[in-house]
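A.B. asks: I need the structure of the sequence given here:
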Amino acid sequence: MLQDLHEISDGKIYGINDMVRAACRDCEGCHACCEQMGDSIVLDPLDVFRLTKATGKNFEALLADTIELHVTDGLILPSLKMAGENERCVFLDEAGRCSIHALRPGLCRAFPLGRIYEERQIRYFLQADACRRPGKSKVKVGRWLDASEPKKYEQFLLAWHGLRGSMQKRLTDMWNEQTAKTANMLILNLFFANLFREEMDFYVQFENRMEQAKRALGIAPGRE
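C.D. replies: Alright, predicted model coming up:
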């Protein structure tokens with residue numbers, strides 16, 4: 001793990017209160033990281049919730065023009081759509097700026113940081129050469145992530161990552177094609193198509209849906 005980490009990063013691991021050299025003066029018009037990303041910007045339920053707020057569209061309407069469904073490690077999940085000759089993110093405006101910056105997806109918030117999922121926390125590493133813009137300055141990781149409730153956000157990410165891991169294990173160990181299809185449709189409907197209510201706390205709603213998903217998928221309470 002450490003050898004691999006040194007190959008793709010500066011060799012350091014960061015916590016949410018650590019300083020990392022990632023700030024790049026508000027990008028100053030650079031949008032290289034918003035092009036030719038393929039289907040790599042995989043969205044989680046909070047990302048889609050934010051996109052519905054930013055656009056006023058429901059999940060089906062987003063699928064029509066701004067997001068796509070792809071198979072990721074056997075799971076059907078939404079990702080940001082790239083379009084045009086340069087395969088630009090559909091949310092880039094004519095000036096090359098993010099039109100949904102305040103509500104941008106979590107992977108966009110973290111870039112150029114990568115996540116390391118541990119049992120009780122998430123730590124981060126600075127991806128080597130991910131952002132080649134010179135003259136970066138140091139910024140606290142938590143501030144860079146721009147999360148209003150960092151502890152709740154981290155627990156959400158851990159829970160979602162755990163659920164994905166449990167589903168992937170079942171896909172490998174026990175599920176047949178029909179069971180896998182049914183499980184994927186359950187996840188898509190429960191966490192994406194069935195919109196979270198804006199007037200209610202997202203994290204409370206997510207926890208309730210997690211319990212529903214665990215019961216339906218046969219995952220023991222308290223485990224993902």
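A.B. asks: can we go C-alpha only for contacts and neighbour counts from here?
C.D. replies: Noted.
A.B. asks: which stretches of this protein form strands?
C.D. replies: In order along the chain, the chain carries the following strands (DSSP state E): 19-23, 67-72, 75-80, 82-83, 88-89, 113-117, 122-126, 137-140.
A.B. asks: Export the ones you listed to TSV and append columns for mean neighbour count, mean pLDDT and distance to Lys151.
C.D. replies: Output for the strands of the chain, formatted as TSV (neighbours: other C-alpha atoms under 10 Å; pLDDT from 0 to 100; distance: least, C-alpha to C-alpha, whole Å):
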stretch	mean neighbour count	mean pLDDT	distance to Lys151
strand 19-23	18	88	18
strand 67-72	16	92	27
strand 75-80	22	95	25
strand 82-83	20	92	31
strand 88-89	22	92	29
strand 113-117	17	93	14
strand 122-126	19	93	10
strand 137-140	14	90	15
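A.B. asks: Quick check: which of the ones you listed is nearest to Arg209?
C.D. replies: Minimum separation from Arg209 across the strands of the chain (C-alpha to C-alpha) falls at strand 75-80, 16.7 Å.
A.B. asks: The strands of the chain: which one's closest to Lys152?
C.D. replies: Here strand 122-126 is closest among the strands of the chain (C-alpha to C-alpha), at 12.0 Å.
A.B. asks: ok, back up a step: same list (the strands of the chain) but as a markdown table, adding distance to Val42.
C.D. replies: Listed next are these as a markdown table, based on distance: least, C-alpha to C-alpha, whole Å:
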| stretch | distance to Val42 |
| --- | --- |
| strand 19-23 | 21 |
| strand 67-72 | 8 |
| strand 75-80 | 4 |
| strand 82-83 | 12 |
| strand 88-89 | 13 |
| strand 113-117 | 13 |
| strand 122-126 | 18 |
| strand 137-140 | 24 |
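A.B. asks: Identify whichever of those lies nearest to Leu195.
C.D. replies: Once those are compared by C-alpha to C-alpha, strand 75-80 is nearest, at 14.2 Å.
A.B. asks: what about Met167, neighbour count?
C.D. replies: By other C-alpha atoms under 10 Å, the residues close to Met167 number 22.
A.B. asks: Give me the pLDDT for it.
C.D. replies: pLDDT recorded at Met167 is 89.
A.B. asks: Let me see the contact set for it.
C.D. replies: Leu75 (C-alpha atoms under 8 Å, 6 or more residues apart in numbering).
A.B. asks: From Pro78, how far out is it?
C.D. replies: 16 Å (C-alpha to C-alpha, to the nearest Å).
A.B. asks: ok, now Leu69?
C.D. replies: As judged by C-alpha to C-alpha, Leu69 and Pro78 stand 4 Å apart.
A.B. asks: show me the contacts for Ile13.
C.D. replies: 123-126.
A.B. asks: Low-confidence regions, this protein specifically.
C.D. replies: 1-7, 174, 220-224 (pLDDT under 70).
A.B. asks: so where do the helices sit in it?
C.D. replies: Counting by DSSP state H, the chain has helices at residues 2-8, 45-55, 59-65, 106-110, 141-145, 150-173, 177-188, 202-217.
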